[in-house]
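**Q** My questions are about this predicted structure, shown below with the sequence.
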Amino acid sequence: MKQTFAGLLVLAATPAAMLADFSYTQTTRMTGGALAAMGRAMPGLGGRANQPTNSTTLYKGNKMAHISDQSADIWDLDTDTITHINFKDQSYSRITLAQMKQAMEQMMQSMKGKTNEAGGQMNVNMRANVTDTGKRDVINGVQAREVILTMAAQMTDRKSKSSTEMQTMMALWLADDVPGYAEVRDFQQRMAAKMAGDWQSLASGQAGAMAGFGGGMSSLAAEAHKMQGIHIRTIMKMGTGLDPAMASQISAPPASAPGQQGPSGGQVAERVATQTAENEANNQVGRLAGRLPGSLGGALGGLGGGLGGLGRRKQQKQTPPPPDPQEQAAQQQAAQQAGAQMQSGVVMEMVTDTTGFSSAAVDAAKFSVPAGFKETEHPMLKSSNRR
């Protein structure tokens, strides 16, 4: 054990100049489940829920950056800091590893208290299982093997004896190796060395907080070796009554007529804005009429009402276009799919693909806060200070 820890310290002291660069991208999309089907049935309300999200992970020396379109997190093992960047708000915040450890300890204590409180009313039983299916396939251009992870949390009320169970199953397509991926493993080892010792108490506290979940986590830890490898594709499903035989099956793409879409959020907003503007114009005329004396005010008020009525009569003369049969059929089919997904018990199905593995040089600017961004309190510190 001492030799292993010493080896990690040697890796942690490795000059950054001797380390190579590495990067990869990940795309996560909602492919099925009741939530996705409802979004397709009501496209104007779907928002970003059914849109894929992309992220890039970069390694350069003792730095790692996880970057999406909304934010970025930069780990710097030279300064023992984690920097969170919010591109939307043009802000950033920073936390040290020591501060993060303290914040997580407080979170674990809070979880332990809530677990004990809930334990007085509920029995919680966790089950977990890992199965190597023996399947092999080329996924995203990489030879991979399939492992199925299933987890279930059953909560039973001690008084009423009623129980509820939520299930999660994941089909993991794992690769044994990818050229250049050793940089990722080396970085993880150096990070583990930074967190060794002082973080052991945190791990013990986490184990205590999870004690109420029975032996499920213990059995999962015992089978963790089956999940070793590089995650090339992850298919995750959440719900009730899930069938493990369907874990690796990805739902069919949404049914829609070519070129036909429901009203977008922007179109809905435009309709609301148009109606609001018309109402405001009529109100302005009414307010002006109220300030004028006698018959002139009454006449102007009548004119305003007449203008509003004229606008409505004009709209009534315009015959609305008949609903498109293909669009109606597509939305009806999407609604039927939503009902079927509800009956199947699948609430959410998501797929994450990892691609673009590269050992090409990484731009050092990607690990810096953009100019002009303002510094704010880190989310973990903010949450910790509220407790």
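**A** Received, thanks.
**Q** Tell me which stretches of the chain form strands.
**A** Per DSSP state E, the chain carries strands over the ranges 22-32, 53-60, 63-68, 71-76, 81-86, 91-96, 122-139, 142-157, 163-175, 230-239, 346-358, 374-375.
**Q** who does the shortest one pair up with?
**A** Applying DSSP bridges, strand 374-375 is found paired with strand 91-96 (parallel).
**Q** Which positions within the strand it pairs with qualify as buried?
**A** 92, 93, 94, 95 (16 or more other CB atoms under 10 Å). Where you see a C-beta, it was placed from the backbone N, CA and C, and this is true even at glycine.
**Q** For residue 175, give me its contacts.
**A** By CB atoms under 8 Å, 6 or more residues apart in numbering, the residues touching residue 175 are 139, 142, 143, 144, 145, 229, 230, 232.
**Q** for residue 361, same thing?
**A** Residue 361 makes contact with residue 21, according to CB under 8 Å, 6+ apart.
**Q** Look up how far residue 379 lies from it.
**A** Residue 361 is 31 Å from residue 379, where distance means CB to CB, to the nearest Å.
**Q** one step back: most tightly packed of the strands of the chain?
**A** Greatest average neighbour count among the strands of the chain goes to strand 230-239 (a mean of 21), per mean count of other CB atoms under 10 Å.
**Q** any idea of the angle that strand forms with strand 163-175?
**A** 160 degrees (axes from the mean of the first three to the mean of the last three CA atoms, to 10 degrees).
**Q** now the angle from strand 230-239 to strand 122-139?
**A** Relative orientation of strand 230-239 versus strand 122-139 (the same axes, to 10 degrees): 140 degrees.
**Q** now what about strand 230-239, what contacts it?
**A** With contact meaning CB under 8 Å, 6+ apart, strand 230-239 is reached by 32-34, 139-140, 142, 144, 166-178, 181, 246-250, 344-354.
**Q** Sheet-wise, list the partners of it with their directions.
**A** Strand 230-239 has these strand partners (DSSP bridges): strand 163-175 (antiparallel), strand 346-358 (antiparallel).
**Q** would you list the strands of the chain in a markdown table and tack on mean pLDDT and distance to residue 186?
**A** Shown next, in a markdown table, are those (pLDDT from 0 to 100; distance: least, CB to CB, whole Å):
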| stretch | mean pLDDT | distance to residue 186 |
| --- | --- | --- |
| strand 22-32 | 94 | 10 |
| strand 53-60 | 96 | 9 |
| strand 63-68 | 97 | 11 |
| strand 71-76 | 97 | 14 |
| strand 81-86 | 96 | 19 |
| strand 91-96 | 95 | 22 |
| strand 122-139 | 89 | 24 |
| strand 142-157 | 90 | 20 |
| strand 163-175 | 91 | 17 |
| strand 230-239 | 95 | 14 |
| strand 346-358 | 94 | 15 |
| strand 374-375 | 96 | 31 |
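**Q** Same list, these, but as TSV with distance to residue 103 please.
**A** Putting those into TSV (distance: least, CB to CB, whole Å) gives the following:
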stretch	distance to residue 103
strand 22-32	26
strand 53-60	23
strand 63-68	19
strand 71-76	15
strand 81-86	11
strand 91-96	8
strand 122-139	25
strand 142-157	25
strand 163-175	26
strand 230-239	27
strand 346-358	27
strand 374-375	18
